[in-house]
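Participant: Give the three-dimensional model of this entry:
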Amino acid sequence: QVQLVESGGGLVQAGDSLTLSCAASIRSGSARTIGWFRQAPGKEREFVAWITALRLGSTFVADSVKGRFAISRDNAKNTVYLQMNSLKPEDTAIYYCASSMSTLSPRTPREYGFWGQGTQVTVSS
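Facilitator: Residues are numbered from 1 along each chain as shown. Reported below is the predicted structural model:
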């Protein structure tokens, strides 16, 4: 029903920018929100941002990255993006995109049913 493939990760320096992509193959009606999470070694998976799959494309970004990260989508390409600016070493993590049937601002991993394999982002100081 849902397949998600992340790409765009890599090794960058502090202050650099990076854009992650999440290519989504979603059967109609199988997802209402696409989210980005990240997980650093030894830490729990952390919510980053979400965007609705519905017409208006509402977005929400976590306070921890607000002002530096932005989420967007290209419906023609079935792709959701995470634009990351002014990267810091503490942004180092595996970044995952995931899909949810919730439209009530889902911000916990358990609210998401399908996940991509993740893409590594490493920010050096």
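
Participant: contacts and neighbour counts: CA atoms only from here.
Facilitator: Noted.

Participant: which residues does Phe60 bridge with?
Facilitator: Under DSSP bridges, the beta-bridge partners of Phe60 are Trp50.

Participant: how close does Ser21 get to Thr108?
Facilitator: Distance, Ser21 to Thr108, using CA to CA, to the nearest Å: 20 Å.

Participant: okay, those two: which has more neighbours?
Facilitator: Ser21 (22 against 12; other CA atoms under 10 Å).

Participant: wait, doesn't the more buried one sit right on Val80?
Facilitator: Yes - here Ser21 reaches Val80: they are 5.8 Å apart, a contact under CA atoms under 8 Å.

Participant: Sketch out the strands for this structure, chain order is fine.
Facilitator: For the chain, applying DSSP state E gives strands covering 2-7, 10-13, 18-26, 33-39, 46-52, 59-61, 69-74, 79-84, 93-100, 114-115, 119-124.

Participant: For the ones you listed, give me JSON lines that also has mean pLDDT.
Facilitator: Below are these laid out as JSON lines (pLDDT from 0 to 100):
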{"stretch": "strand 2-7", "mean pLDDT": "95"}
{"stretch": "strand 10-13", "mean pLDDT": "98"}
{"stretch": "strand 18-26", "mean pLDDT": "94"}
{"stretch": "strand 33-39", "mean pLDDT": "97"}
{"stretch": "strand 46-52", "mean pLDDT": "97"}
{"stretch": "strand 59-61", "mean pLDDT": "97"}
{"stretch": "strand 69-74", "mean pLDDT": "96"}
{"stretch": "strand 79-84", "mean pLDDT": "97"}
{"stretch": "strand 93-100", "mean pLDDT": "97"}
{"stretch": "strand 114-115", "mean pLDDT": "96"}
{"stretch": "strand 119-124", "mean pLDDT": "98"}
